[in-house]
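A.B. asks: Below is the sequence, then the predicted model.
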Amino acid sequence: MKSIKVIELFAGVGGFRLGLEQYNKDLFDFVFTNQWEPGKKIQHAFDCYVNNFGSENAYNEDISKVKYDIPEDCDLLVGGFPCQDYSVAATNAKGIEGKKGVLWWEISWILEHKKPKMVLLENVDRLLKSPSNQRGRDFAIMLMNMHNLGYDVEWQVINAADYGMPQRRKRVFIFAKLRELSINENIERKEISLDVINVNSIFERDFPVIEKNIKKPNLFLEFVDTFQNELHVTSNYNLGKFFTKGFLINGYLYQYEVEVNKNLISSYKVLNDILLNDADIDKKYVLNASQLKKMKELKGAKKKERIKPNGEHYIYSEGKMSLNDEIYNPGRTMLTSESSLNRSTHIIKFKEGNRNRYRFITPVEAERLNCFPDNWTSSIESEKMRYFCMGNALVVDIITKLANQIETRIELFGNNKSIKVTKKADFNNKKNY
Ligand SMILES: C[S@@+](CC[C@H](N)C(=O)[O-])C[C@H]1O[C@@H](n2cnc3c(N)ncnc32)[C@H](O)[C@@H]1O
């Protein structure tokens, strides 16, 4: 029987769901899923989602309008939410009020009113240091908000390629669980040993790291006592960016920078592993002379004079990039603009007789970079939109790995037991990724 009730927000083409179902299709019950692309008549991502998963419990409307339909007593909320400005403004009439339209406050509302036991979110790693004029403020607001709603939180920046996946895609994964269900429920507010915290981390087994620059003093900051509310964080936060791994437990903040121990991972994938045979590539993906010229220009070094909004002139410079991608490295990060000619577009060099030719990656290769099955997005007529949806999606296998840890936690919580030390993966066993 499907026993873990899941809410999937900002579902895109369903990376979270696919990742969880790849682990065990019979375990997760998707009771509410939501995807809506603002201002678009054709809802490509939603249509693709429904094509793959069916339309049961799937809502194609603005989350701010349909959040009321979300059932209570769910186990898990997942979502890769768009990154925006989270600042909180004070209004005379209403006191503290989240800025309208900022999607974090929709998630926050759902946590407050629907209280899922656990939450797994994904975002760009820039979230930990935004905005640029008040580094770290946005994430501080999220942390404070989740703490106030009764959740303990942990996060880690994961580069999929460091763990054997074919794309260098760095994202922050944020996992929160209701404090009353956490290991620390009986612990008074006091500092806990980092070893205890680490060993209980959802990321510990499958995304091991080396701790660097543990934040002083002794990683410990009385975050919640420093800032009384989100408005206070907005106006006063000046503690800088957040580190690449951290925990907010019972109001205490623990942070450090992560370094990956490559010896622990037995096999790595590179771009070449996911490429189709050159012979099978349709000619339309091969760059013509003018596209080649344009790409050489774009990827070349340049200095340009530009003008700031205040009228000041400055020199913008870019270094030279290799025209084609190094296929014996994991692929570079795929963006939503993959289908257009820009510096980030992947270019594959191949031989036609003795001649060097260059081609774009195909939609199937874009899917493979994110560990989606071939043709996951083939119901989307526009190829441009297939690349776009992949640029928005996540590397699915990360979620598949985390699914086992989620299952363990739900089982323990269901039995009203606290989590004991999780067994570390046996990396000497050379697990094949
Ligand atoms: C970063 S993408 C998530 C992609 C997803 N994880 C996947 O695997 O495809 C964020 C998604 O949120 C959707 N979105 C943006 N605003 C929304 C809103 N107000 N209500 C519902 N969905 C929204 C976007 O259309 C986009 O597909």
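C.D. replies: Yes, it's here.

A.B. asks: Just give me the residue right at the centre of this protein.
C.D. replies: residue 122 (2.8 Å; Cα atoms, centre = their mean).

A.B. asks: and that one, what is it in contact with?
C.D. replies: Contact analysis of residue 122 by Cβ atoms under 8 Å, 6 or more residues apart in numbering lists 16, 79, 80, 171, 172, 173, 174, 394. Quick note: C-beta positions are derived from backbone N, CA and C, even for glycine.

A.B. asks: The second one and the ligand, how far apart?
C.D. replies: Computed as Cβ to the nearest ligand atom, to the nearest Å, the residue 79 to the ligand distance reads 7 Å.

A.B. asks: Check the last one too.
C.D. replies: From residue 394 over to the ligand the distance is 5 Å, taken as Cβ to the nearest ligand atom.

A.B. asks: does that residue sit in a helix, a strand or a coil?
C.D. replies: The three-state label given to residue 394 by DSSP: H, G, I helix; E, B strand; the rest coil is coil.

A.B. asks: Repeat that for the fifth one.
C.D. replies: With three-state DSSP as the basis, residue 172 sits in strand.

A.B. asks: per-residue pLDDT, it?
C.D. replies: Residue 172 carries a pLDDT value of 96.

A.B. asks: just to revisit the earlier point, partners of the helix or strand harbouring the residue nearest to the centre of the chain, with directions?
C.D. replies: According to DSSP states H and E, residue 122 maps onto strand 118-124. Each strand that pairs with strand 118-124, with its direction, by DSSP bridges: strand 76-80 (parallel), strand 170-178 (antiparallel).

A.B. asks: tell me, how many neighbours does whatever residue of the stretch 151-300 of the chain ends up closest to the ligand end up with?
C.D. replies: For the stretch 151-300 of the chain and the ligand, the shortest gap (Cβ to the nearest ligand atom) falls at residue 171, measuring 9.7 Å. Number of residues near residue 171 (other Cβ atoms under 10 Å) recorded here: 22.

A.B. asks: Pretty sure residue 393 is one of the things it touches, is it not?
C.D. replies: No - shown here, residue 171 and residue 393 do not form a contact pair, counting by Cβ atoms under 8 Å, at 10.7 Å.

A.B. asks: Domain map for this structure?
C.D. replies: Annotated domains of the chain cover 4-263+394-429, 271-370 [automatic domain parsing].

A.B. asks: In three-state terms, label residue 411 for me.
C.D. replies: Assignment for residue 411 (three-state DSSP): helix.

A.B. asks: neighbours around it, how many?
C.D. replies: Quick note: residue 411 (other Cβ under 10 Å) scores 13 neighbours.

A.B. asks: quick one: contacts for residue 15?
C.D. replies: 80, 370, 372, 393, 394, 395, 396, 399.

A.B. asks: Show me which residues of the stretch 1-150 of the chain sit near the ligand.
C.D. replies: Counting by Cβ under 6 Å from any ligand atom, the stretch 1-150 of the chain comes close to the ligand at 10-16, 34-38, 45, 62-63, 80, 82, 103.

A.B. asks: at 5 Å what do you get?
C.D. replies: Taking Cβ under 5 Å from any ligand atom, the part of the stretch 1-150 of the chain that reaches the ligand is made up of 10, 12, 13, 15, 36, 37, 45, 62, 63, 80.

A.B. asks: need the helix or strand of this protein with the lowest average pLDDT.
C.D. replies: Within the chain, no helix or strand scores below strand 95-98, which has a mean of 42 by mean pLDDT, DSSP states H and E.

A.B. asks: Moving along the chain from that strand, name the first helix or strand you hit.
C.D. replies: Sequence order places helix 104-114 as the next helix or strand after strand 95-98, per DSSP H and E.

A.B. asks: circling back: secondary structure and distance to residue 355 added to the residues of the stretch 1-150 of the chain next to the ligand, as CSV?
C.D. replies: Output for these, formatted as CSV (DSSP: H, G, I helix; E, B strand; the rest coil; distance: Cβ to Cβ, whole Å):
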residue, secondary structure, distance to residue 355
10, coil, 45
12, coil, 39
13, coil, 37
15, helix, 38
36, coil, 47
37, coil, 41
45, helix, 39
62, coil, 51
63, helix, 51
80, strand, 41
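
A.B. asks: which two of the residues you listed lie the greatest distance from each other?
C.D. replies: Distance extremes for these: the farthest pair is 15 and 62 at 20.5 Å, using Cβ to Cβ.

A.B. asks: which residues of the stretch 301-433 of the chain score low on pLDDT?
C.D. replies: By pLDDT under 70, the low-scoring segments of the stretch 301-433 of the chain are 414-433.

A.B. asks: For the ligand, what's its nearest residue on it.
C.D. replies: For the stretch 301-433 of the chain, Cβ to the nearest ligand atom, closest residue to the ligand: residue 393, 3.6 Å.

A.B. asks: Quick check: that residue touching residue 372?
C.D. replies: Yes - using Cβ under 8 Å, residue 393 is in contact with residue 372, at 7.1 Å.

A.B. asks: neighbour-wise, which of these two wins?
C.D. replies: It is residue 393, of residue 393 and residue 372, that has more neighbours when counted by other Cβ under 10 Å, with 28 against 25.

A.B. asks: List the contacts of that one.
C.D. replies: 12, 13, 15, 80, 370, 372.

A.B. asks: Which two among the residues you listed are spaced furthest apart?
C.D. replies: 80 and 372, at 13.9 Å, using Cβ to Cβ across the contacts of residue 393.

A.B. asks: what is residue 33 paired to in the beta sheet?
C.D. replies: residue 8, residue 58.

A.B. asks: quick one on the thing from earlier: looking at the residues of the stretch 1-150 of the chain next to the ligand, which one is closest to residue 408?
C.D. replies: Proximity to residue 408 was ranked across those by Cβ to Cβ; first place goes to residue 15, at 21.8 Å.

A.B. asks: what's the pLDDT at the closest one?
C.D. replies: pLDDT, residue 15: 98.

A.B. asks: Distance of it relative to residue 300?
C.D. replies: Note on residue 15: its distance to residue 300, by Cβ to Cβ, to the nearest Å, is 34 Å.

A.B. asks: Equivalent analysis for residue 82, please.
C.D. replies: Note on residue 82: its distance to residue 300, by Cβ to Cβ, is 32 Å.

A.B. asks: same question, residue 237
C.D. replies: 40 Å.

A.B. asks: Name the residue in these two with the higher neighbour count.
C.D. replies: Using other Cβ under 10 Å as the criterion, residue 237 and residue 300 rank with residue 237 on top: 20 against 13.
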